[in-house]
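Engineer: could you work out the structure for the sequence below:
(chains A and B)
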Protein chains: 2
Amino acid sequence: MARRARATRGRPPEGAAPASPHVARRLPFFEVLDDEQIARLEAQVDWILEDVGIAFRDDPEALRLWRAEGARIEGDTVRAPADWIRALCAKAPRQFTQLARNPARSVEIGGTSQVFAPVYGPPFVRDLEGGRRYGDIAAFRDLVRLTYMLPSLHHGGFVTCEPCDVPVSKRHLDMLLAHMTLSDKPHLGAITEIGRAEDSVAMAEIVFGAETMAEHCVILGNVNTNSPLLVDKVVTEAVRVYCGRGQGIIVVPFILSGAMGPVSTAASVAQAMAEAMMVCAYAQLVRPGAPFVLGNFLSSMSLKSGAPTFGMPEPVVSNYAIGQLARRVGLPLRCGGSLTAAKIEDAQAAYESADSMHSTMLAGAGFVLHAAGWLEGGLCTGFEKLVMDADRLGGYQKVLAGGLDTSDEALARDAYAEVGPGGHFLGCGHTMRNYQTAFYEPRLSDSENVESWEEGGAQDMRRRAHARWTQMLRDYVPPPIDPAVREALEAYVARRKAELPDAWY
Amino acid sequence: MARRARATRGRPPEGAAPASPHVARRLPFFEVLDDEQIARLEAQVDWILEDVGIAFRDDPEALRLWRAEGARIEGDTVRAPADWIRALCAKAPRQFTQLARNPARSVEIGGTSQVFAPVYGPPFVRDLEGGRRYGDIAAFRDLVRLTYMLPSLHHGGFVTCEPCDVPVSKRHLDMLLAHMTLSDKPHLGAITEIGRAEDSVAMAEIVFGAETMAEHCVILGNVNTNSPLLVDKVVTEAVRVYCGRGQGIIVVPFILSGAMGPVSTAASVAQAMAEAMMVCAYAQLVRPGAPFVLGNFLSSMSLKSGAPTFGMPEPVVSNYAIGQLARRVGLPLRCGGSLTAAKIEDAQAAYESADSMHSTMLAGAGFVLHAAGWLEGGLCTGFEKLVMDADRLGGYQKVLAGGLDTSDEALARDAYAEVGPGGHFLGCGHTMRNYQTAFYEPRLSDSENVESWEEGGAQDMRRRAHARWTQMLRDYVPPPIDPAVREALEAYVARRKAELPDAWY
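Structural biologist: Prediction:
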């Protein structure tokens, strides 16, 4: 029957995965910590906030505000009562909307919503035909186009690769223009220097208008603390630029356990919580109610070389745990992603990415950066990896959004009246009513028999992924945009490029 | 520091994963169903047991026993009060020990213990150099040797490939002899025909003695129902042979949703529960207290061809759910595994296997067959796949057995006295005390930088896996065995081979 039915039905859109602007989670959260573990971890967080302290360095303005609000300052180290820090964190929204240029693509971040965004930051790109090379603006634009087209990526992220052929001082302008014109999904802005953050917010204002931005989050920055226990002015300036305008900020301690934190998952998780909560508190002092995403990026280490490792049991457990702690603080979480240390899209890349992403999904992370495209510990964006990961994200989306349906229709009692012992359900009424939406079917998985697969050229998944993304780029149609907005954006970029010096580092 | 320390320490054994005879789970279970979902699913199970019924076909002896015990029989369909079936299931142990020939390798099955075993049943084998070919007894023996050597495989399984060069009527003897002499891990026995099951138990008796077998489980059979709703005499005869001697049985409904069950995860899960519970009840009528493992093998389907698909969201959710239901019935569970429809060990194989196995781990499955080596929807055993999957199983074992350690040592407060803001923990006392056991390091993941990887020949994981298993076979040393036992086993096999006709199907 299934084979007969084939001819009469077309291929469902993107493997029967409902396209939606974000994941509305129905799957329960995995509560991995017991009460004692929670108490011990939260006591550790409080101890870091109150006794160990966190340094705010090279930014007198940040220290001034902390001092004015009554924190205890010694040198550049800030210590504060944990209750007060928690109360400040409670001012941030548990869930907020990031508007997209296309309102149908606006996302909810936090609560039971989950948002998937691509890899952020690699200086290199790789594809099956072109090999590994420095990222450039052409590759960047193609990655923005692909992200726009992939239904399981809800958000554009920002630096899907570094466009290394554009001066460092100006590339944020080209990246912003690409996100704002080649896609209509929401995206992040620049943070590396205060002027670049200001350009990001200014260009967002061209798209959305000052009035909308006064009331809504339309752009966020994503910035790392300098773990351990150090917040530099890149962070505090980005907070002031983004949150000062009512926009959002994602603050991420990156902790390689044993280097930037103790060689212990529990200690690293608590340290990350303390660092991010301290910056959240700072952001709420700057602007009460500013949207804030509590970040976590925890990696294990190779005993052979000290290199970071991904998809390993320690970060898997940390993802489970950090989700529970973040929900208790009431902040949206960013953690995990489809992470790997593999250099190419081989089985290692997929094993590590899947275990990392499966645990990220269970963590309930409201915002998942690096959900697709990451290779080489984040040094390289893989074109094949991007579409392969996105294919799997459709499956995670179905797990999260579907949970287990136990409705009358799902229990299918009428089918048992039609089908007896040893029979088959292929043609029964319940099957005919439901088969088209029953299964997620990723485009890049080949489930045919070995003979069919060999007839098709015995292509591995990487080869199939290459065919897919190159075809997608041929099919790409840019989303509509108001010509006046496009012209204003282009004029802004031209003006700022003329003003800024060429700097390559 | 990490690089300096390298020279002074040897490579820890198998990536710092503690070798243990089975996984003693500390990670909490993932309780995915709410009370209403549980009630609806259990009502569906009861409805199948009481109203729909399950056929016991071609085995008058089974029907005779059901009738004598008071079940309602119409034709060959057995219906029974759900309370009675549940009460019978409650006679099976929640947890039991399967003795191994080497007592240090005896396993606990059920409760918070989890046991990983390799793929079962493929007629084909594949390796990177030899390609795809029919399995033979030489390949079978190599697979038994590798399973013996892999620390994350606790159990030998049984048909790691079909030895197709030995007559069907006799190959169980060669397989049993290989498991009993080339390995000292626990294993399963044959079920395809009653005489083969009897040979399995008889050979186990040579190894363990009748006295031990009267008191302990030393061998189990693994047998599928004929879903939907049909139990044939292969099942009931295997139950009588194994359980009749106080040995164990694993009973597995294999349901391709939409074919052998409704095109619905919830309905397929409930049907599988009902089928397995009915056979468990039968086994407890045959021998109260017989060790029983409730099996589940649920697959989704390709809309293109009707082919089974693996690692997809529907079976992922079914794994989460079935674990919770099995715990409520109080039976050890077999489900999931490292499953894939991929033909080779490419990224598809790894993505699908990881999502399948991650959810299997969370399901709390007490016995995981197909935990390593499976390709092509179970048609082919991959030599590279076996060692690749086993590498990942070490990580799952650490997740399960470790949970999150929040002891004082794990919280590492002394490290913060040594390391200030922006410093590093590489050389601090806490790191020196803990780094050797902090991280699981799988042997087949390459986490070095791209330059080192290229210098090493740019080998993908599959190539590295090939080097590993071929080296393992060169290093293989058989476990010691009492020469008298070996001679008795060989004599049994020789005698039975002389008695049995050569049959090739």
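Engineer: could you pull up the mean pLDDT of stretch A:54-69?
Structural biologist: Summarised as a single mean, pLDDT over stretch A:54-69 is 97.
Engineer: residue A:209: neighbour count?
Structural biologist: Other residues lying near residue A:209 total 12 when counted by other Cβ atoms under 10 Å in any protein chain shown. Placement of C-beta: from N, CA and C, glycine included.
Engineer: against chain B, how distant is it?
Structural biologist: If you measure residue A:209 against chain B using Cβ to the nearest Cβ, to the nearest Å, the figure is 40 Å.
Engineer: how about the residue of the stretch 151-300 of chain A found nearest chain B, phi and psi?
Structural biologist: Taking Cβ to the nearest Cβ as the measure, the stretch 151-300 of chain A has residue A:262 as its residue closest to chain B, at 3.6 Å. Phi and psi for residue A:262, reported as degrees, to the nearest 10, are phi -60, psi 160.
Engineer: out of everything not next to it in sequence, what's closest to residue A:219?
Structural biologist: Nearest in space to residue A:219, with sequence neighbours left out and distances taken as Cβ to Cβ, 6 or more residues apart in numbering or on different chains, is residue A:204 at 4.3 Å.
Engineer: how many neighbours does the one you found have?
Structural biologist: With neighbours defined by other Cβ under 10 Å, the count for residue A:204 comes to 24.
Engineer: quick check: phi and psi at it.
Structural biologist: Taking degrees, to the nearest 10, you get phi -60, psi -40 for the backbone angles of residue A:204.
Engineer: touching, it and residue A:217? I think so.
Structural biologist: No. Shown here, residue A:204 and residue A:217 do not form a contact pair, counting by Cβ atoms under 8 Å, at 9.9 Å.
Engineer: joint contacts of these two?
Structural biologist: residue A:247 (Cβ atoms under 8 Å, 6 or more residues apart in numbering or on different chains).
Engineer: in chain A, where's the longest helix?
Structural biologist: helix A:265-286 (DSSP state H).
Engineer: tell me the contacts of residue A:234?
Structural biologist: The contact partners of residue A:234, taken as Cβ under 8 Å, 6+ apart, are A:191-193, A:223.
Engineer: out of the residues you listed, what pair is the most spread apart?
Structural biologist: Within the contacts of residue A:234, A:193 and A:223 form the most distant pair, 11.4 Å apart (Cβ to Cβ).
Engineer: neighbour-wise, which of those two wins?
Structural biologist: For residue A:193 against residue A:223, the residue with the higher neighbour count under other Cβ under 10 Å is residue A:223, and the figures read 24 against 17.
Engineer: okay, the angle between the helix or strand containing the more buried one and helix A:265-286?
Structural biologist: For residue A:223, the host element (DSSP states H and E) is strand A:220-225. For strand A:220-225 and helix A:265-286, the angle between their directions (axes from the mean of the first three to the mean of the last three Cα atoms, to 10 degrees) works out to 130 degrees.
Engineer: starting from strand A:220-225, tell me which strands it pairs with and how they run.
Structural biologist: Counting by DSSP bridges, the strands paired with strand A:220-225 are strand A:188-189 (parallel), strand A:248-256 (parallel).
Engineer: wait, residue A:463 touches residue A:128, no?
Structural biologist: Yes. Counting by Cβ under 8 Å, residue A:463 touches residue A:128, with 6.8 Å between them.
Engineer: comparing the two, which residue is more hemmed in?
Structural biologist: In this view residue A:463 and residue A:128 are compared by other Cβ under 10 Å, and residue A:128 has more residues nearby, 18 against 15.
Engineer: who touches the closest residue to that one other than its chain neighbours in this structure?
Structural biologist: Across the structure, with Cβ to Cβ, 6+ apart as the measure, the residue nearest residue A:128 apart from its sequence neighbours is residue A:466 (4.3 Å). Contacts for residue A:466 were tallied using Cβ under 8 Å, 6+ apart; they are A:127-129, A:383-384.
Engineer: next secondary structure after the helix or strand containing residue A:466?
Structural biologist: With the criterion set as DSSP H and E, the secondary-structure element containing residue A:466 is helix A:461-475. Beyond helix A:461-475 on the C-terminal side, the first helix or strand identified by DSSP H and E is helix A:483-499.
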